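> got a structure for you, letters missing:
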């Protein structure tokens, strides 16, 4: 399901903003974009989101701004090694050519490019900010889940109406069975009469048996009974208080299978029309179920 939540705050030194959103997906895919110098925050977010959401493409963004941009100067070990190596090479080449080399002061080395770098925070300084950010997560998640729940309530009503329509059509199909049976009996009798009139050696009992088998194979009572069972199951899933998206997704496949079989076996105009209407409503349900967690 889709959902959205956002919040912003500051602690005097830093200001920040959260953005949490989700769109529909068959599974769960979590994307986290937070500053990498905030140790442990990404793992914490992933655990919370996995415990809160079962389905959807979920993206959470955190943007942080420092009140002053001076940052903290920190030694870059790799830059220092590179700088010292360059100085050593220069000194050796100068001595080989008989040129005097003055002693290099630490401040001169520190001024070389790449030896010192500006960092936003040290691990120790980030602890208060990290604590403040984590304290906001429950409220952010609650806002996000409330947004998804609001859409879920609307989807529940849409799907409930569609299931009611399926139930109405199944009831209509069931009401046609007697008329369909009478039509089939009349058709089979006509077929039997034509066979007997045009085939001298035909065994009447054998022909009647074959026609009876055809009638059995085209019986749709079993499909209607299964559709009724699927309707009950779908209503049960909609009333559940836990994620049912995948179960409903599978159930839509079963609905579609029974509707297809009903159409292929109908051999009765009115029943075929109901079967086609069933397929249309079931296709609409399948699209909506993709949005359900």
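Thanks, I have the structure now. Note that the structure is a prediction, hence the values are computed from the model and not measured. Residues are numbered from 1 along each chain as shown.

> I figured residue 30 hits residue 50, correct?
Yes. The pair formed by residue 30 and residue 50 meets the contact definition of C-beta atoms under 8 Å, at 7.1 Å. (Each C-beta comes from the backbone N, C-alpha and C, glycine too.)

> which phi and psi values does the residue sitting furthest away from the middle of the chain adopt?
Relative to the C-alpha centroid of the chain, counting by C-alpha atoms, centre = their mean, residue 98 is the outermost residue, at 72.4 Å. Taking degrees, to the nearest 10, you get phi 80, psi 20 for the backbone angles of residue 98.

> and residue 30 and residue 50? which has more neighbours close in?
Each of residue 30 and residue 50 had its neighbours counted (other C-beta atoms under 10 Å), and the higher figure belongs to residue 30 (15 against 12).

> mind checking the SS state of the more buried one?
Using DSSP: H, G, I helix; E, B strand; the rest coil as the criterion, the local structure at residue 30 reads strand.

> measure it to residue 45 for me?
Distance of residue 30 to residue 45, given as C-beta to C-beta, to the nearest Å: 8 Å.

> what sits in contact with each of these two?
residue 60 (C-beta atoms under 8 Å, 6 or more residues apart in numbering).

> can you pull the phi and psi angles for residue 13?
The main-chain torsion angles of residue 13 are listed as degrees, to the nearest 10 and equal phi -90, psi -30.

> look up the pLDDT of it for me, please.
At residue 13, the pLDDT value in this model is 80.

> how about the closest residue to it other than its chain neighbours, what does it touch?
The shortest distance from residue 13 to any non-neighbouring residue, by C-beta to C-beta, 6 or more residues apart in numbering, is to residue 67 (5.4 Å). For residue 67, the contact set (C-beta under 8 Å, 6+ apart) comprises 10, 12, 13, 14, 15.

> which stretches of the stretch 151-293 of the chain form strands?
Along the stretch 151-293 of the chain, counting by DSSP state E, counting those that start in this stretch, no stretch forms strands.

> surely residue 91 touches residue 102?
No. With contacts defined as C-beta under 8 Å, residue 91 does not count as touching residue 102, sitting 9.8 Å away.

> of those two, who's got more company?
residue 91 (14 against 7).

> distance of the more buried one from residue 114?
Going from residue 91 to residue 114 by C-beta to C-beta gives 19 Å.

> pull out the buried residues from stretch 54-68.
Of all the residues in stretch 54-68, those buried under the rule 16 or more other C-beta atoms under 10 Å are 55, 56, 57, 58, 60, 62, 64.

> of those residues, closest to residue 164?
When these are compared for distance to residue 164 (C-beta to C-beta), residue 55 wins out at 24.8 Å.

> separation between that closest one and residue 233?
When distances are taken as C-beta to C-beta, residue 55 and residue 233 turn out to be 19 Å apart.

> repeat for residue 152
19 Å.

> show me where the stretch 101-250 of the chain has its helices.
When assigned using DSSP state H, counting those that start in this stretch, the helices of the stretch 101-250 of the chain occupy the ranges 106-110, 126-175, 177-198, 204-217, 221-239, 245-265.

> buried deepest among these, which one?
Scoring the helices of the stretch 101-250 of the chain by mean neighbour count under mean count of other C-beta atoms under 10 Å gives helix 245-265 as the most buried, with a mean of 18.

> and the helix or strand residue 15 falls within, how far out from the chain middle?
Under DSSP states H and E, the secondary-structure element containing residue 15 is strand 14-23. In terms of C-alpha atoms, centre = their mean, to the nearest Å, the centre of strand 14-23 is set 20 Å apart from its chain centre.
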